[in-house]
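Trainee: any chance you can model this:
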Amino acid sequence: MNKSELISAVAAKAEIQKKDAEKAVGALLDIIIEQVAEGEDIRIVGFGTFERRERKERTGSDPRTNEKITIPASKVPAFKAGKAFKDAVNQK
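Mentor: Modelled structure (predicted):
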C-alpha cells in the first residue's frame with residue numbers, strides 16, 4: 001500500500017472526503033517526523049512507538065575495493081510495534 005492508497009482507505013473507513021483524509025494523514029506524518037527528529041518518542045497504545053535511535057561509529061569495508069572505512073555515528077528513526085499490533089499480525 002502506498003500513500004495515496006492509504007489516504008483512500010482512511011477516507012473510506014472514516015467516511016470523510018478524500019482531501020480531508022489527505023490533510024489528516026499528511027499532518028500525522030509531519031508531526032511524527034518533527035517529533036522523532038527532535039528526539040521525542042511517540043507512543044500510540046496498542047499500535048507502537050516511533051523513536052530516534054543512535055548508531056555508534058563503526059568500521060566497515062568498501063565492497064568494491066575491500067578497503068576499511070569508518071562509518072560515522074548517526075541518528076536513525078525506528079518503530080517498535082505494540083503488543084496488540086504484533087498479535088493482530090500473528091493472527092493472519
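Trainee: so which residue is dead centre in the protein?
Mentor: Most central in the chain under CA atoms, centre = their mean is Phe79, positioned 5.5 Å from the mean C-alpha point.
Trainee: how about that one, what does it touch?
Mentor: Gly48, Thr49, Phe50, Glu51 (CB atoms under 8 Å, 6 or more residues apart in numbering). C-beta coordinates here come from the backbone N, C-alpha and C atoms, glycine included.
Trainee: what's the farthest-apart pair in those residues?
Mentor: Using CB to CB, the contacts of Phe79 span at most 9.7 Å, a distance reached by Gly48 and Glu51.
Trainee: just the pLDDT for the closest residue to Glu51 other than its chain neighbours.
Mentor: Computed as CB to CB, 6 or more residues apart in numbering, the closest residue to Glu51 that is not its neighbour in sequence is Asp41, at 4.5 Å. We have a pLDDT of 97 for Asp41.
Trainee: what about Asp41, neighbour count?
Mentor: Neighbourhood size, Asp41 [other CB atoms under 10 Å]: 12.
Trainee: now swap in Val36 and tell me
Mentor: 20.
Trainee: show me where this protein has helices.
Mentor: Along the chain, counting by DSSP state H, helices occupy 3-14, 18-37, 83-91.
Trainee: quick one: list the elements packing against the longest one.
Mentor: When you say that, I think you mean helix 18-37. Packing partners of helix 18-37 (3 or more CB pairs under 8 Å, 6 or more residues apart in numbering; DSSP states H and E): helix 3-14, strand 42-44, strand 48-55.
Trainee: mind listing what's buried in it?
Mentor: Ala21, Glu22, Val25, Ile32, Val36 (16 or more other CB atoms under 10 Å).
Trainee: so who does the last one touch?
Mentor: Residues counted as contacts of Val36 (CB under 8 Å, 6+ apart) are Ile42, Phe50, Glu51, Arg52, Pro77.
Trainee: identify the residue nearest the first one in space, chain neighbours excluded?
Mentor: I take that to be Ile42. The nearest residue in space to Ile42 (CB to CB, 6+ apart) is Phe50, at 4.4 Å.
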